[in-house]
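**Q** This is a predicted model, with the sequence first.
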Amino acid sequence: MIYADNAATTKIDERVLSEMIPFLTEQYANASQPYFFASLPKQALKEARETIAQCIGALEEEIFFTCGGTESDNWALKGFSSLYNNKNRVITTQIEHHAVLNTAAALERAGVKADYMPVSREGLALPETMAEFLNGREGKEMPCLVSVMTANNEIGTIMPIGELSRLAHERGAYFHTDGVQALGHIAIDVNELGVDMLSASAHKFNGPKGIGFLYIRKGVEIAPYADGGSQEASLRAGTENVASIVGMAAALKLNCAEIESNSVKLLKMEDIIIGKLTAEGLDFIRNGAGEHIPGNISLSFNNMEGEAILHRLDLMGICVSTGSACDSVNTQVSHVLKAIRTPEGYAKGTVRISLGKNNTPAQAERIADSLIKIVKTPRE
Ligand code: PLP
């Protein structure tokens, strides 16, 4: 089996798993308890928070554990809006993950004004577009949160977050970024990016599933996500998932240390795939070309069905994703491909190959050869 769907989830690193095991077995104490038996989990929690903070240039007290990217995104947007009784404004892009888009839609139903910025054909949220939105039809006085993803999950494009956050701050707005696809894959420093909040999820960087965090810059106010105990400074109550938190920190540290070597390897594998497809003269577009997450390759083949390609690759033992979803009648092109205006004849034939650190050049060759076979014999 060749797993090439690392933007969906990644395999846990063995080194990460071995750091987690003691906290799933002998060291099971509740980290909030005062007795000696809880001291190791408590210390592990503290060290994990420090490690994560160091990896992104944050302070320990700016890291809040959550159960993943979806929760972090929900908290950032809803927590900000509830401070203003939903009489505020959110500006986001048309290509966010549904964890942001559906949260913005839920906020709209509760009275928040939400705007969805268009993006360029490369999939970039442009500062000039954001400036127009910030000039605002609703008046500058309205408290405003801008939420733009660091990198897109379907096409991998990396957004100019530093520029966008500077602009937002100049206009008195706060800035959140969904960093789920970027963290552990490109270098992230919250101060360089200038963001007020950043969402992350461990299973996207070879850590365990069901754990993530929200970075909240010191001084930024946000309503609690969950009321209850005093965990996470009383902002996100609930007994801490120590094993997963330890795993997340270990995974982030390992991946951050290996970013450069992994990127070189991944870009070489990208070249193998694109080189082979091009040499065969296949009619395809690469979506979101330009600065992108290494290994994320979104390809749209003319006159093909993405679902059909996915299923034939599956039969050949290769896992990828599509950029479309079929219902019984129509193929629905994803909101991202619509927003970047991929021509329809191509958009329906989209597959996302997302390579990860465990893939090999030989696997990249096999993926390319299999795609060539499928595209050249569409009805086989
Ligand atoms: N944001 C982005 C950009 C994602 O790609 C994903 C997952 O695919 C999420 C948020 C949701 O993260 P999680 O699966 O941890 O809830």
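**A** Cool, the structure landed.

**Q** Which stretches in the stretch 201-350 of the chain count as strands?
**A** Using DSSP state E, counting those that start in this stretch, the strands of the stretch 201-350 of the chain run over 212-216, 284-287, 296-301, 318-319, 321-322, 324-326, 331-333, 350-354.

**Q** let me fix that: the stretch 1-150 of the chain
**A** For the stretch 1-150 of the chain, the strands defined by DSSP E, counting those that start in this stretch cover 2-3, 63-66, 89-93, 113-117, 144-147.

**Q** The ligand contacts on the stretch 151-300 of the chain?
**A** Taking CB under 6 Å from any ligand atom as the contact definition, the stretch 151-300 of the chain meets the ligand at 153, 178, 180-181, 201, 212. Every residue, glycine included, has its C-beta placed from N, CA and C.

**Q** what about this structure, any weak spots by pLDDT?
**A** Scanning the chain for pLDDT under 70 picks out 136-140, 324-330, 379-380.

**Q** In PDB, could you pull the C-alpha coordinates for stretch 263-274?
**A** Taking Å, rounded to 0.1, in the frame of the first residue of the first chain, the C-alpha atoms of stretch 263-274 are listed here in PDB:
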ATOM      1  CA  SER A 263      11.200  19.400   2.400                       C
ATOM      2  CA  VAL A 264      14.100  18.600   0.100                       C
ATOM      3  CA  LYS A 265      13.000  15.000  -0.100                       C
ATOM      4  CA  LEU A 266       9.400  15.900  -0.700                       C
ATOM      5  CA  LEU A 267      10.200  18.400  -3.400                       C
ATOM      6  CA  LYS A 268      12.300  15.800  -5.200                       C
ATOM      7  CA  MET A 269       9.400  13.400  -5.100                       C
ATOM      8  CA  GLU A 270       7.100  16.100  -6.500                       C
ATOM      9  CA  ASP A 271       9.500  16.600  -9.400                       C
ATOM     10  CA  ILE A 272       9.400  12.900 -10.100                       C
ATOM     11  CA  ILE A 273       5.600  12.900 -10.400                       C
ATOM     12  CA  ILE A 274       5.200  16.100 -12.300                       C
END
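
**Q** Number of residues surrounding the residue nearest to Val333 when sequence neighbours are not counted?
**A** Nearest residue to Val333, sequence neighbours excluded (CB to CB, 6 or more residues apart in numbering): Ala347, at 4.3 Å. The tally of other residues near Ala347 (other CB atoms under 10 Å) stands at 22.

**Q** correct me, but Ala347 touches Ile340?
**A** No. Proximity of Ala347 to Ile340 does not meet the contact threshold set by CB atoms under 8 Å, at 9.2 Å.

**Q** so what does the lengthiest helix in the chain touch, helix or strand wise?
**A** Secondary structure of the chain per DSSP state H: the longest helix is helix 259-279. On a contact count with 3 or more CB pairs under 8 Å, 6 or more residues apart in numbering; DSSP states H and E, helix 259-279 meets strand 296-301, helix 361-376.

**Q** Out of these, which one sits most buried?
**A** Comparing the helices and strands packed on helix 259-279 by mean neighbour count (mean count of other CB atoms under 10 Å), strand 296-301 ranks first with a mean of 26.

**Q** beta partners of Thr331?
**A** When assigned by DSSP bridges, Thr331 has beta-bridge partners Cys326.

**Q** show me the contacts for the residue nearest to Val333.
**A** Going by CB atoms under 8 Å, 6 or more residues apart in numbering, Ala347 touches 300, 323-324, 333, 337-338.

**Q** same check, this time on His169
**A** Applying CB under 8 Å, 6+ apart to His169 gives the contacts 175, 194.

**Q** swap in Cys144?
**A** With contact taken as CB under 8 Å, 6+ apart, Cys144 is in contact with 88-91, 134, 136, 168, 171-174.

**Q** What does Glu240 show for phi and psi?
**A** Dihedral angles of Glu240 (phi, psi; degrees, to the nearest 10) stand at phi -70, psi 140.

**Q** Determine the number of other residues adjacent to Glu108.
**A** Glu108 has 13 neighbouring residues, counting by other CB under 10 Å.

**Q** wait, Ala4
**A** For Ala4, the count of nearby residues is 27 (other CB under 10 Å).

**Q** again with Asp5
**A** Residues near Asp5, counting by other CB under 10 Å, number 18.

**Q** Just want the residue of the chain that's nearest the ligand.
**A** The chain approaches the ligand most closely through Gly69 (2.5 Å), counting by CB to the nearest ligand atom.

**Q** quick one: that residue from Lys78, how far?
**A** 15 Å (CB to CB, to the nearest Å).

**Q** Compare these two (neighbour count), which wins?
**A** Legend: neighbour count by other CB under 10 Å for Gly69 and Lys78, higher for Gly69 (26 against 21).

**Q** Nearest spatial neighbour of the more buried one, chain-adjacent residues omitted?
**A** Closest residue to Gly69 apart from its sequence neighbours, by CB to CB, 6+ apart: Ser201 at 3.5 Å.

**Q** Asn358 too?
**A** Distances taken as CB to CB, 6+ apart place Lys11 nearest to Asn358, at 6.0 Å, with adjacent residues excluded.

**Q** Confirm for me that the one you found is in contact with Gly356.
**A** Yes. Between Lys11 and Gly356 there is a contact under CB under 8 Å: 7.5 Å.
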